[in-house]
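**Student:** coordinates only, sequence not included:
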């Protein structure tokens, strides 16, 4: 007998769990399905930065013009979410090593966005930015989602999105079972398989990008703030861990870290913190899904009942709450704000 739910979410990273949990808390019967043939979500390999202002330093030509506004809105959502889900959110702020000219430009940008930043001895300090421990946060979000009534199924592999004329009706799995659903949300990270891409061709606009992280194990608790220097950031995590990241290797889908990229990160981290030259370290990597404008695809597709929370890019943890809110609003038929419409998947439609 086929299972039946109101909404099926495919993908159990931060965005998928928050889509599922927010939908369930509004009364939907929700199942979150992880793809058993995929690598672990990038959420588990991330540094855990919630830093929308600092991320503007990575802005490239073609970046979404509303990316900062979306990031700031999502950071505000994190305050209540962290309490509800019992996620340890630490507002330790970020110190940016910038020249006098770059500092002045950054401070002007922050003022224009209505965000807080102030000059410091070697650049700019952003007091409101925060960090979470990604692996602990994923465990907390799973508990939070389940507490809201979400059914988590792991592992499984979707081989077909099922539809009737005009609407989605569910999925077929690799074990030949089916799940009937009135709506399907795709939150697959960088691991969208052929079945998901056939259902939502806009997923083909996403590019995998491997991000390597160097992890230093210091002999004391690292308190913060986060630091950003030339080509590197340092993020303190519990247990004396200090994460240095992250590379951006476009077109690389392997989740295995690259030794050369790790060596570069280590050298740059030591330039910021010379004491790290004597600290044991290791490396890891995750694969992000990057859209052409480095911003997520959030909302309905051309197929009735099929929604996306995809292409989260460098800021999957930061943007996961706003992804959940936007998708749940669309599923329940609420009118989106102009800001949210700006991140609709149809901006990449041919």
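**Tutor:** Okay, I see it. Every value quoted in this text rests on a predicted model; they were computed, and no experiment measured them.
**Student:** quick one: residue 23 from residue 349, how far?
**Tutor:** 25 Å (CB to CB, to the nearest Å). Yep, even glycine has a C-beta here, placed from its N, CA and C like the rest.
**Student:** Which one's more surrounded, those two?
**Tutor:** It is residue 23, of residue 23 and residue 349, that has more neighbours when counted by other CB atoms under 10 Å, with 27 against 11.
**Student:** Give me the distance between residue 220 and residue 232.
**Tutor:** 21 Å.
**Student:** Kindly report the same for residue 285.
**Tutor:** 15 Å.
**Student:** So for residue 220 and residue 232, which sits in the more crowded spot?
**Tutor:** Comparing residue 220 with residue 232 by other CB under 10 Å, the one with more neighbours is residue 232, at 23 against 6.
**Student:** By mean pLDDT, point me to the weakest helix or strand of the chain.
**Tutor:** strand 151-156 (a mean of 83; mean pLDDT, DSSP states H and E).
**Student:** Just give the strands next to the next helix or strand after that strand in its sheet, each with its orientation.
**Tutor:** Going down the chain from strand 151-156, the next helix or strand is strand 158-164, by DSSP states H and E. According to DSSP bridges, strand 158-164 forms sheet pairs with strand 167-173 (antiparallel).
**Student:** Run the angle between the strand it pairs with and strand 151-156 for me.
**Tutor:** Following axes from the mean of the first three to the mean of the last three CA atoms, to 10 degrees, one obtains 50 degrees for the angle between strand 167-173 and strand 151-156.
**Student:** Run through who's touching the helix or strand just after strand 167-173.
**Tutor:** Sequence-wise, the next helix or strand downstream of strand 167-173 (DSSP H and E) is strand 178-186. For strand 178-186, contacts defined as CB atoms under 8 Å, 6 or more residues apart in numbering pick out 2-11, 16, 19-20, 23, 31, 33, 161-162, 168-173, 192, 196, 199-200, 203, 305-310, 327, 331.
**Student:** same deal with stretch 105-117?
**Tutor:** 52-53, 56-57, 68-69, 72, 96, 98, 118-119, 124-128.
**Student:** Pull out the buried residues from those residues.
**Tutor:** Neighbour-count burial (16 or more other CB atoms under 10 Å) is assigned, among the contacts of stretch 105-117, to 52, 53, 56, 68, 69, 72, 96, 98, 124, 125, 126, 128.
**Student:** Just those residues: which are in helices?
**Tutor:** 52, 53, 68, 69, 72 (DSSP state H).
**Student:** who's in contact with the last one?
**Tutor:** Contact analysis of residue 72 by CB under 8 Å, 6+ apart lists 52, 53, 113, 114, 115.
**Student:** Give me the three-state assignment for the last one.
**Tutor:** Three-state assignment for residue 115 (DSSP: H, G, I helix; E, B strand; the rest coil): coil.
**Student:** Residue numbering should commence at 80 henceforth.
**Tutor:** Let's use 80 as the start, then, which means that last one is residue 194.
**Student:** Ramachandran angles for it?
**Tutor:** Residue 194 adopts backbone torsions of phi -110, psi 160, taken as degrees, to the nearest 10.
**Student:** I'd say residue 269 and residue 333 touch.
**Tutor:** No: assessed by CB atoms under 8 Å, residue 269 is found out of contact with residue 333, at 10.7 Å.
**Student:** Tell me which of the two has more neighbours.
**Tutor:** Neighbours per residue (other CB under 10 Å) separate residue 269 from residue 333, with residue 269 holding more: 25 against 12.
**Student:** secondary structure class for that one?
**Tutor:** coil.
**Student:** And it, how far from residue 365?
**Tutor:** 8 Å.
**Student:** any shared contact partners between the two?
**Tutor:** Joint contacts of residue 269 and residue 365 (CB under 8 Å, 6+ apart) are residue 121.
**Student:** helix or strand for the residue nearest the centre of the chain, which one?
**Tutor:** Residue closest to the mean C-alpha point of the chain, counted by CA atoms, centre = their mean, is residue 395 at 0.8 Å. Secondary structure assignment for residue 395, by DSSP H and E: helix 395-410.
**Student:** okay, and for the stretch 280-429 of the chain, where does confidence drop off?
**Tutor:** 429 (pLDDT under 70).
**Student:** Can you show me the helices along it?
**Tutor:** 338-351, 395-410, 417-420 (DSSP state H, counting those that start in this stretch).
**Student:** Please work out which of the ones you listed is packed deepest.
**Tutor:** Compared across the helices of the stretch 280-429 of the chain, helix 395-410 shows the largest average neighbour count, a mean of 26 (mean count of other CB atoms under 10 Å).
**Student:** now it, how far from the chain's geometric center?
**Tutor:** Here helix 395-410 is found 10 Å from its chain centre; the criterion is CA atoms, centre = their mean, to the nearest Å.
**Student:** So which elements touch that helix?
**Tutor:** Contact partners of helix 395-410 among helices and strands, from 3 or more CB pairs under 8 Å, 6 or more residues apart in numbering; DSSP states H and E: helix 93-104, helix 121-124, strand 128-129, helix 146-164, strand 257-265, strand 376-379, strand 385-389.
**Student:** Okay, the residue lying closest to residue 403 once chain neighbours are set aside and residue 427: tell me how far apart.
**Tutor:** Excluding its sequence neighbours, the residue lying closest to residue 403 (CB to CB, 6 or more residues apart in numbering) is residue 97, at 3.4 Å. Relative to residue 427, residue 97 is positioned 23 Å away (CB to CB).
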